[in-house]
Every structure is written in C-alpha cells, then in structure tokens.
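J.: Starting from these lines, generate the structure:
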Amino acid sequence: MEQWYRSARQYLKQYRFYHRIVEQAVNDWEGAEKPRRLQQMELYCQRVTNAIDSIRDERQANLLRNEFIVADGSQRVAYELSGLSKSQYYVIRKQAMREWWQLINIARV
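T.: Below is the predicted model:
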C-alpha cells in the first residue's frame, strides 16, 4: 500500500475519533467558551468534510461519506451502497482517496 494512501486512511480514521468527541462536546459546551483543543478538533472535522464536499465526482464523494462521515459508516456500508463490483469499488475508492488527499493538503497550506 502506498504511503499517501496509508496517511489518508489514518487522517480519515482520526476524523471519526474527533467527530465523536466534538459531537458529544457540543451539548456540554453550548453557550460556554470551548477549550482550544476542542476548537482545533472542530476545525479538523470541518476541513475533512469540506474536502469531501469539494470532490468533483459525486460517486467518489458519496463513497467516502458512506465510509467515514455518516453515523455507523464503514467500508462495507460504502461498498453495499455503491452498487459497484468489488474491483470497481476499489478503483473508485482509491481515486476518491487520492483526490481527497490532494484537496485536504491544499487546505492545510
């Protein structure tokens, strides 16, 4: 597996972890000033979703949303909802990851 692909997957897995924390904390910190670390996590989550929303091919964007963004999303869910063969799914998933990785790295600059 290529290094950029491993890094992209790790980044998206980190999103899942942060999103759970941010989602829970929204209720706890409503109306109060949020700690700096929580603000950073929110920004991280926004960058991830904005980059996915910026993917030109809607099929690719939906594939990543169904795997990483939606509640209870997973690779299996994304595959089943895609309606693609396994080989098509993996080709499109890699293309989606590559475009997303490029977009997220542009946003970080």
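J.: Quick check: buried residues in the longest helix along the chain?
T.: Taking DSSP state H as the criterion, the chain has its longest helix at helix 3-28. Buried residues in helix 3-28, counted by 16 or more other C-beta atoms under 10 Å: A8, Y11, L12, Y15, Y18, H19, V22, A25. (Glycine included, C-beta is placed from N, CA and C.)
J.: As a markdown table, the residues you listed with pLDDT would be great.
T.: Converted to a markdown table, those look like this (pLDDT from 0 to 100):
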| residue | pLDDT |
| --- | --- |
| A8 | 91 |
| Y11 | 91 |
| L12 | 91 |
| Y15 | 91 |
| Y18 | 89 |
| H19 | 87 |
| V22 | 83 |
| A25 | 71 |
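J.: out of these, which one sits closest to V48?
T.: Looking at those and their distance to V48, the nearest is Y15, at 4.4 Å (C-beta to C-beta).
J.: Would you reformat the buried residues of helix 3-28 as CSV and include distance to R93?
T.: Output for those, formatted as CSV (distance: C-beta to C-beta, whole Å):
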residue, distance to R93
A8, 11
Y11, 15
L12, 11
Y15, 16
Y18, 22
H19, 20
V22, 25
A25, 31
